[in-house]
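Chemist: From the sequence below, what's the structure:
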Amino acid sequence: MRTQTVEVDVVVVGGGLAGVAGAISAARLGRRVALVNNRPVLGGNSSSEVRVWVCGATAHGNQRWARESGIIGELYLENQYRNPEGNPVHWDDVVLDAVRAEENISLFLNTDVRDVSVEGSDGDGRDRARRITSVTGWTMGAEILTTFVAPVFLDCTGDGLVGHLAGARARLGKEARSEFDEEWAPVEAERTFLGSTLLFYTKDVGRPVRFVAPDSAKDIRDTPIPASRVIRSGDSGAHYWWVEWGGELDIVDDNERIRDELRSVILGIWDYIKNSGEFDADTLDLEWIGNVPGKREYRRLVGDYTLHQRDVLEQSSFDDGVAFGGWSIDLHPAKGMYAEGAGAVQRFSNGVFEIPFRSLYSADVENLLMAGRDMSATHIAFGAARVMATCAAMGEAAGAAAALLLDRGTTPRGLYEQHREDLRQLLLRQDAPVIGIANTDATDLARIAGVSASSRRQTIGVAEDVEVAPHALDNDLGIVVPVHPALDGIELLVESDRDTDLVVEVWSTGKLQNAVPEHRESATTVAVGAGAARWLSVPVAWVPGRPQNAVIVLRAQPGVTVFTTDELPPGVLTLVRTLDADDQNVEVSLDELLVQWPTKPLRGRSIVFRSRTVTEAFAPERAVSGFGRPYGGPNLWASEPLGGSTAWLRLDWSEAVRAREVSLVFDDDPDVELNTLHHHRSPHLVMPTLVRSYRVELLVEGAADDEWTIVATETENRRRRRRHALPEGLGALRAARLVVETTNGAPEARVVAFRVQE
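Modeler: Numbering: from 1, shown residues only. Okay, here's the model as predicted:
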């Protein structure tokens, strides 16, 4: 047997999206990383071996401004550009290329970790904490045994295998309701789980093709499936997420039995579609069936904090929040596909929720972090945090924490106790998916600069020359707008077939990341005369104590028509008071405002309106104020429409400064879902809101006022975050300027962050 030892700074076990993001995160911060995966491809459940679409905080378009930034955001954008058809094979290479681009990562595929060496207080008589010294994995095909040695380990195995072998405490199944006061938990604890799933793909071959069911195919007419699940011949892939089983078994111990049962049912479903005579499927053929069950749940390692139901639904704020989620609490029956009720019950929070760092490290093993499905959470909260983009957000946070704790010479717990704000600022600087963190980074020289711009968008509303479409006011509508500093009336394009009244209200949204009407702040009634389209003055007003979003609610009024346009101004969304459900296999709680006021019916369109008030929401200072994403407003600089000219954003220092890097973050419209398999299709290969061509110019100490030095030029940008290292020997800087020449479609330049790192 060949053997080898690999010594690095961080060992990441598990090559799903949590592990990939964790490895890339630590590597970008200068740490040598071994990424160890027991499969031949990266991506975990999203890979071509399993083919689950990557969901996250957008929740299939239910949440607003919720798409993740950071590493998973980069993967989304790259997949949108390279893989517009949502081919899972191409997605494999998007993920693989991202890992191979990092020279600090050593990748070990087909390497199954099965041994963990631990030292510490467990039986050796020494009074110190348990600590992993190495993990060992066997590489199939290469027939080599590798021992991985590092001071820090990251368990992204999904099943919590590394933590389990190291003796870390873990939770299995459902907690009793009383343990965390969770309304949706069972009265008594149960060792039942979310089940596993196999998926299948079909294709139309253009000619009749028959299907002879193998002996292993189950006759699904003998099961509740035909009556309780929606089966359509045109669906395949992750549409059949409900082909799920194993929740009453042991997900790991019974993995092979679960796989065989799932496969038999898929063959039975296909036999039913092809041969029952109830479907138009003559030219359809079965192209692919997965052989690796996509697991949803097993061990959840115990951290210093256990995320629970109220943290999700009440959107708890944490002083160590390092990632966010937005998927519903999504619970499936233990019987899976054989249950007679819905395939899932879901309950949404009214916006994205935070995940604390304390849920990403072991309470027992002092050098073990975890991210993904083995995070510290109850079964109920896990139902919302388990989806892959959220797992990747956790992975990026854990990887950054691993790098930082090595810099600080501490443990994960020590990092929380002494350096948690340093971690949060580091994640914000990396454009990781975090919320509610203002920029207090002392190394960002933009914070001490004067900020100016060639122009800025001063009012909120749509241009007068846009194409419009009539929209009958049959349902209540909501216009989400940023209010900074005040709202003092709007004008609304309306027509009416009779003299009537229109009720207009202003609502605040509760949490600053939310975009739902939670509390009514003011209301007015205006008379609408019969006649053709004209502008109506609506004297609604509100002066909040701080910048935040408002929802201007137009109450339904028969006979009144408003107008919509596909020019959606920055910081604006349109809500419709209606109930909307994507999947008939799901039972969604209707008690939440997010469900009652969906954006999907008019997503990407704006009500034709304009405000009277000059706003500070798009001032140049917004690009250096932090947050990095919508939070109480859009948090970006927006110029006036370019109209063929350029726009610039400028930093001036009263005393010259020395810098090493300019970092830019552009608006990639986080309200648009970019699901990897394109559950909701976006027509754009590149997000139109992104700046396309730009240059970075510096005014060096001693140079004339118009003697700018160009240090970076981009003509085909399609990325959200761009970093530009400055030349050595450049000298001290008096000013820095970003000059935007074109966008990828938006009329104005939009810049989320302009950083200059000392």
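Chemist: can you tell me which residues contact residue 381?
Modeler: Each residue near residue 381 by C-beta atoms under 8 Å, 6 or more residues apart in numbering is listed here: 306, 307, 308, 309, 311, 312, 329. Just so you know, the C-beta spots here come from the backbone N, C-alpha and C atoms, and that holds for glycine as well.
Chemist: 6 Å instead?
Modeler: For residue 381, the contacting residues are 307, 308, 309, 312, by C-beta atoms under 6 Å, 6 or more residues apart in numbering.
Chemist: repeat for residue 17
Modeler: Contacts of residue 17 by C-beta under 6 Å, 6+ apart are 388, 391, 392.
Chemist: Measure how far the helix or strand harbouring residue 480 is from the centre of its chain, please.
Modeler: For residue 480, the element it lies in under DSSP states H and E is strand 477-483. In terms of C-alpha atoms, centre = their mean, to the nearest Å, the centre of strand 477-483 is set 23 Å apart from its chain centre.
Chemist: before we move on, back to that, looking at the contacts of residue 381, which are in helices?
Modeler: Using DSSP state H, the subset of these located in helices is 309, 312.
Chemist: Check the contacts of residue 381 and tell me the two furthest apart.
Modeler: Longest distance between any two of those is 8.9 Å, between 307 and 309; criterion C-beta to C-beta.
Chemist: So for those two, which sits in the more crowded spot?
Modeler: A count of neighbours by other C-beta atoms under 10 Å puts residue 307 above the other of residue 307 and residue 309, at 28 against 24.
Chemist: Return the residues in contact with the more buried one.
Modeler: Counting by C-beta under 6 Å, 6+ apart, residue 307 touches 359, 377, 381.
Chemist: how close does it get to residue 380?
Modeler: For residue 307, the distance to residue 380 equals 9 Å [C-beta to C-beta, to the nearest Å].
Chemist: ok, back up a step: so which of the contacts of residue 307 belong to helices?
Modeler: residue 381.
Chemist: Tabulate the contacts of residue 307 (TSV), appending pLDDT and distance to residue 753.
Modeler: TSV is the format used below for those (pLDDT from 0 to 100; distance: C-beta to C-beta, whole Å):
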residue	pLDDT	distance to residue 753
359	98	27
377	98	31
381	98	31
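Chemist: among the contacts of residue 17, who's most crowded?
Modeler: That'd be residue 392 among those, by other C-beta under 10 Å, with 35 neighbours.
Chemist: per-residue confidence averaged over the helix or strand where it lies?
Modeler: If you go by DSSP H and E, residue 392 is part of helix 388-408. Taken as a whole, helix 388-408 carries a mean pLDDT of 98.
Chemist: can you list contacts of that helix?
Modeler: 10, 17-18, 21-22, 25-26, 29, 31, 46, 54, 56, 68, 70-72, 152, 154, 322-323, 325, 360, 369, 371-372, 415, 419, 423, 426-427, 432-433.
Chemist: Please list the members of those that lie in helices.
Modeler: Those of those lying in helices (DSSP H): 17-18, 21-22, 25-26, 70-72, 415, 419, 423, 426-427.
Chemist: List just the nearest of those to residue 703.
Modeler: Nearest to residue 703 among the ones in helices among the contacts of helix 388-408, with distances taken as C-beta to C-beta, is residue 426, at 33.0 Å.
Chemist: Now for that closest one, how many residues are close by?
Modeler: 21.
Chemist: How about residue 298?
Modeler: 24.
Chemist: Could you shift the numbering so residue one becomes 4, and keep it that way?
Modeler: That works, and once the first residue is 4, the last one we named lands at residue 301.
Chemist: Identify the residues contacting it.
Modeler: Contacts for residue 301 (C-beta under 6 Å, 6+ apart) come out as 162, 254, 255.
Chemist: Checking residue 725 next. Helix, strand or coil?
Modeler: strand (DSSP: H, G, I helix; E, B strand; the rest coil).
Chemist: what's the answer for residue 386, then?
Modeler: Assignment for residue 386 (three-state DSSP): helix.
Chemist: What pLDDT is listed against it?
Modeler: With respect to pLDDT, residue 386 scores 98.
Chemist: so it makes contact with residue 333?
Modeler: Yes - with contacts counted by C-beta atoms under 6 Å, residue 386 reaches residue 333, the gap being 4.8 Å.
Chemist: which one of those two has more residues nearby?
Modeler: Set residue 386 next to residue 333 and count neighbours by other C-beta under 10 Å: residue 386 wins out with 26 against 21.
Chemist: how far away is that one from residue 312?
Modeler: 9 Å.
Chemist: Straight-line length of stretch 522-542, end to end?
Modeler: This stretch, stretch 522-542, spans 19 Å end to end (C-alpha to C-alpha, to the nearest Å).
Chemist: Buried residues in that stretch, which are they?
Modeler: Using 16 or more other C-beta atoms under 10 Å as the test for burial, stretch 522-542 gives 524, 531, 539, 541.
Chemist: which of these lies closest to residue 4?
Modeler: Closest to residue 4, out of all of the buried residues of stretch 522-542 and judged by C-beta to C-beta, is residue 524, at 71.3 Å.
Chemist: Tell me who's in contact with that closest one.
Modeler: Residues counted as contacts of residue 524 (C-beta under 6 Å, 6+ apart) are 509, 511, 545.
Chemist: measure it to residue 410 for me?
Modeler: 46 Å.
Chemist: Repeat that for residue 625.
Modeler: Taken as C-beta to C-beta, the span from residue 625 to residue 410 is 31 Å.
Chemist: Chain neighbours aside, what residue packs nearest to the residue positioned nearest the centre of the chain?
Modeler: By C-alpha atoms, centre = their mean, the chain has its centre lying nearest to residue 71, at 3.2 Å. With sequence-adjacent residues excluded and distances taken as C-beta to C-beta, 6 or more residues apart in numbering, residue 71 is closest to residue 436, at 4.0 Å.
Chemist: Could you export the contacts of residue 310 to JSON lines, including columns for distance to residue 145?
Modeler: Listed next are the contacts of residue 310 as JSON lines, based on distance: C-beta to C-beta, whole Å:
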{"residue": "362", "distance to residue 145": "36"}
{"residue": "380", "distance to residue 145": "36"}
{"residue": "384", "distance to residue 145": "40"}
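Chemist: just curious, which of the contacts of residue 301 is nearest to residue 759?
Modeler: Nearest to residue 759 among those, with distances taken as C-beta to C-beta, is residue 162, at 43.8 Å.
Chemist: got a list of what the closest one touches?
Modeler: Residue 162 neighbours (C-beta under 6 Å, 6+ apart): 255, 301, 302.
Chemist: To which secondary structure element is it assigned?
Modeler: Going by DSSP H and E, residue 162 is not part of any helix or strand.
Chemist: now swap in the one 3 residues further on and tell me
Modeler: Counting by DSSP H and E, the secondary-structure element that holds residue 165 is helix 164-168.
Chemist: What residues of that helix count as buried?
Modeler: 164, 165, 166, 167, 168.
Chemist: all helices of the stretch 4-153 of the chain, in order?
Modeler: 20-31, 73-85, 91-103 (DSSP state H, counting those that start in this stretch).
Chemist: How far does the last one sit from its chain's centre?
Modeler: When C-alpha coordinates are averaged (C-alpha atoms, centre = their mean), helix 91-103 and its chain have centres 18 Å apart.
Chemist: could you give the angle of it to helix 73-85?
Modeler: Interaxial angle, helix 91-103 versus helix 73-85 (axes from the mean of the first three to the mean of the last three C-alpha atoms, to 10 degrees): 130 degrees.
Chemist: same thing with the first one?
Modeler: Here helix 20-31 runs at 110 degrees with respect to helix 73-85, directions being taken by the same axes, to 10 degrees.
Chemist: Just the C-alphas of helix 20-31, formatted as CSV.
Modeler: Extracted as CSV, the C-alpha positions of helix 20-31 are listed here (Å, rounded to 0.1, in the frame of the first residue of the first chain):
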residue,chain,number,x,y,z
LEU,A,20,-20.7,23.6,-2.1
ALA,A,21,-20.1,24.2,1.6
GLY,A,22,-16.6,22.5,1.3
VAL,A,23,-15.9,24.2,-2.0
ALA,A,24,-16.7,27.7,-0.6
GLY,A,25,-14.8,27.0,2.6
ALA,A,26,-11.7,25.9,0.7
ILE,A,27,-11.8,28.8,-1.7
SER,A,28,-12.4,31.3,1.2
ALA,A,29,-9.4,30.1,3.2
ALA,A,30,-7.2,29.9,0.2
ARG,A,31,-7.9,33.4,-0.9
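Chemist: Thanks a lot, catch you later.
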